[in-house]
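**Q** From the sequence below, what's the structure:
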Amino acid sequence: MRERRTWAGMMLTVAVVAVSGGVLVRAASLTSKYDAEVRRLRTEWRTAQQAEGLDPSRGRKALYDKYPTPEITLATPVVVAPGASAPVSVTGRFPTGTAFLVEHDGVTLASPVATASRFTATATVGADALPGFARVFAYTPVSGAWNRAGVVVIGATPTMTLTASNGWTVRLAPAARAWTINGGSATLAYKADYSKPGDAAAFESVTGTLSVSHDDRPDSTLSFSMQPGVSGTALQEYQQLMSKMADPAAFMKMSEKERAAFEKKMEEVGDRMTKEMEAMSANPAAAQEKQAQFGCGTINVTIVGRQVNGNVGCGQKVGYLSLVGTRE
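**A** Sure thing, here's the model as predicted:
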């Protein structure tokens with residue numbers, strides 16, 4: 001099959017920041033250019049359908065028989081850090097004239113090449129891009145039938161310093177160096193340190209994860225699933241180790257020495273996790289009071305440029321806190 005170049009590489013640019021006088025105006029869409037191109041293509045498809053006498057409402061079967069849905073058989077997502085590039089590939093069965101679009105204003109595709117069975121390109125992530133999946137959509141001409149695959153995990157690791165509505169300072173930072181991909185999702189361990197006004201040291205710390213899914217559209221809102229009342233680090237370490245075991249290919253690539261070290265690490269972290277859990281359950285009344293006095297869990301933030309707005313739900317005696325701060 002003769003190769004043909006596509007124009008998907010011209011599609012997307014970095015999202016625009018909308019801030020005036022230090023006040024957040026609104027988050028710009030992260031898919032505006034993709035959405036505009038799809039609208040343009042739909043106009044072309046309607047014109048082509050009319051020219052060929054293919055009515056999608058009355059002759060849907062004939063339309064899709066002639067211009068079938070693309071098939072995607074393999075698309076392994078790669079982690080790409082902001083400002084970096086990496087090759088991406090999608091294999092399957094693609095009708096002649098299939099258009100490939102990346103659904104993210106912070107990701108561009110350079111040197112895209114498509115055949116009947118493969119699409120390849122070099123993906124570049126914008127320097128300010130937020131964590132998330134960038135999906136490539138394959139659109140069949142005329143019918144507009146489509147399929148998609150998550151090809152890039154934007155490996156951003158934002159750190160934020162936030163001020164809560166009760167005066168507390170919340171520092172939210174990664175607790176692991178790298179993202180872990182497990183099927184259609186990717187996770188990164190996080191830690192939130194809480195300190196009171198005038199205190200440099202944290203009075204409480206909680207751990208959790210930031211997760212992104214290939215089922216979600218790009219968004220400037222992130223949700224950090226922190227675990228209220230869990231201040232130890234062993235549980236989070238154990239979850240990260242288990243996620244590695246969930247990828248059979250990565251586990252099988254380990255040497256015998258690496259597997260032995262991994263198993264030893266699992267045992268050591270498991271022992272620490274047991275001790276942390278035992279300490280928490282030794283005094284239920286104290287644990288309940290701590291939950292009421294603190295109990296801060298999931299943190300939701302919306303990031304526009306360097307400005308961050310968000311919230312966190314805490315224990316009964318703290319309540320719901322709004323958060324304002326900056327991304328470092």
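**Q** residue closest to the middle of this protein?
**A** G132 (2.3 Å; C-alpha atoms, centre = their mean).
**Q** which stretch of helix or strand covers L63?
**A** With elements taken from DSSP states H and E, the one containing L63 is helix 60-66.
**Q** right, and the helix or strand after that helix?
**A** The first helix or strand that comes after helix 60-66 along the chain, using DSSP H and E, is strand 71-74.
**Q** re the thing from before, and the helix holding L63, average pLDDT?
**A** Mean pLDDT, helix 60-66: 95.
**Q** again, but for stretch 296-310
**A** For stretch 296-310, mean pLDDT rounds to 96.
**Q** and the end-to-end length of that stretch?
**A** End-to-end distance of stretch 296-310: 13 Å, with C-alpha to C-alpha, to the nearest Å as the criterion.
**Q** So which bits of that stretch are buried?
**A** 296-297, 299, 301-305, 307-310 (16 or more other C-beta atoms under 10 Å). Bear in mind the C-beta positions are built from the backbone N, C-alpha and C, glycine included.
**Q** Take those residues and keep only those in strands.
**A** Judged by DSSP state E, the buried residues of stretch 296-310 include 299, 301-304, 307-310 as members of strands.
**Q** isn't T124 right up against S85?
**A** Yes. T124 lies in contact with S85 (C-beta atoms under 8 Å); the separation is 4.3 Å.
**Q** What degree of burial does Y34 show, as a neighbour count?
**A** Y34 has 23 neighbours, counted by other C-beta atoms under 10 Å.
**Q** Identify the contacts common to T124 and S85.
**A** Residues touching both T124 and S85 (C-beta atoms under 8 Å, 6 or more residues apart in numbering) are A110.
**Q** Those two: which is more packed in?
**A** Taking other C-beta under 10 Å, T124 and S85 do not tie; T124 has more neighbours (21 against 13).
**Q** and the more buried one, how far is that from A138?
**A** For T124, the distance to A138 (C-beta to C-beta, to the nearest Å) stands at 20 Å.
**Q** what does T43 give?
**A** Going from T43 to A138 by C-beta to C-beta gives 19 Å.
**Q** Please say which of those two ends up with more neighbours.
**A** Of the pair T43 and A138, A138 is the one with more neighbours under other C-beta under 10 Å, namely 24 against 9.
**Q** Check that one and give its pLDDT.
**A** 98.
**Q** which helices and strands does the lengthiest helix in the chain pack with?
**A** Assignment by DSSP state H gives helix 256-281 as the longest helix of the chain. When contacts are defined as 3 or more C-beta pairs under 8 Å, 6 or more residues apart in numbering; DSSP states H and E, helix 256-281 packs onto helix 234-245.
**Q** one step back: settle this for me: the residue nearest to the centre of the chain is touching G155, isn't it.
**A** No. When contacts are counted by C-beta under 8 Å, G132 is not listed as touching G155 (10.1 Å).
**Q** any idea of the mean pLDDT for the longest helix of the chain?
**A** Here the average pLDDT along helix 256-281 is 77.
**Q** now stretch 152-170
**A** 97.
**Q** what separates that stretch from the chain centre, distance-wise?
**A** Relative to its chain's centre, stretch 152-170 lies at 15 Å (C-alpha atoms, centre = their mean, to the nearest Å).
**Q** now do the same end-to-end measure for that stretch.
**A** Termini of stretch 152-170 sit 30 Å apart (C-alpha to C-alpha).
**Q** next one: stretch 112-126
**A** OK, stretch 112-126 end separation, C-alpha to C-alpha: 18 Å.
**Q** Tabulate the CA atom coordinates of stretch 49-67 in PDB.
**A** This file holds the C-alpha atoms of stretch 49-67, laid out as PDB (Å, rounded to 0.1, in the frame of the first residue of the first chain):
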ATOM      1  CA  GLN A  49     -22.500  11.900   1.300                       C
ATOM      2  CA  GLN A  50     -24.800  14.100  -0.800                       C
ATOM      3  CA  ALA A  51     -22.600  13.800  -3.900                       C
ATOM      4  CA  GLU A  52     -22.600  10.000  -3.600                       C
ATOM      5  CA  GLY A  53     -26.300   9.600  -2.600                       C
ATOM      6  CA  LEU A  54     -25.400   8.100   0.700                       C
ATOM      7  CA  ASP A  55     -27.900   9.200   3.300                       C
ATOM      8  CA  PRO A  56     -26.700   8.400   6.900                       C
ATOM      9  CA  SER A  57     -30.300   8.400   8.200                       C
ATOM     10  CA  ARG A  58     -32.000   6.300   5.600                       C
ATOM     11  CA  GLY A  59     -29.000   4.300   4.200                       C
ATOM     12  CA  ARG A  60     -26.700   3.900   7.100                       C
ATOM     13  CA  LYS A  61     -25.700   0.300   6.200                       C
ATOM     14  CA  ALA A  62     -24.800   1.200   2.700                       C
ATOM     15  CA  LEU A  63     -22.700   4.200   3.900                       C
ATOM     16  CA  TYR A  64     -20.800   2.100   6.500                       C
ATOM     17  CA  ASP A  65     -20.400  -0.800   4.200                       C
ATOM     18  CA  LYS A  66     -18.600   1.400   1.700                       C
ATOM     19  CA  TYR A  67     -16.700   3.500   4.300                       C
END
